[in-house]
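S.K.: With the input below, show me the fold.
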Amino acid sequence: MLSVLDLVGTIGGAVLGLPGLVGIAFGMMTRKPLVALVLGAAVGVLAPVLLGGSHSTDVPITTLEMAISVVIGVLAAQVGCVIRRRGATV
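M.R.: You can find the predicted model right below:
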């Protein structure tokens, strides 16, 4: 069970890390929210797999970390898509 501090740290790390930054970048590549959702989810799944667990020390990627990463990736991609759509209408 994660404490509140661990949960906030996991969320903050995902927002400032690969799922947040690349999610916004991928979302800004498209104007279609569904495509941004799929791209954000893909980033959210790949980020913990590539950078999360360590196979040499048997540190697993927990389900909660994976879920938080996917949610942050999807939300960031949607924000990037909205930035692209609203920026194009100004």
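
S.K.: Next, the contact list for residue 88, please.
M.R.: If you count contacts by CB atoms under 8 Å, 6 or more residues apart in numbering, residue 88 has them with residue 31. All C-beta atoms are positioned from the backbone trio N, CA, C, and that covers glycine.

S.K.: Residue 31 now?
M.R.: 81, 84, 85, 88.

S.K.: Near the third one, how many other residues are there?
M.R.: Other residues within reach of residue 85 by the criterion other CB atoms under 10 Å amount to 16.

S.K.: now the first one
M.R.: By the criterion of other CB under 10 Å, residue 81 has 25 neighbours.

S.K.: Please name the nearest non-neighbouring residue to it.
M.R.: Distances taken as CB to CB, 6 or more residues apart in numbering put residue 36 closest to residue 81, at 3.8 Å, once the chain neighbours are dropped.

S.K.: All good on my end, thank you.
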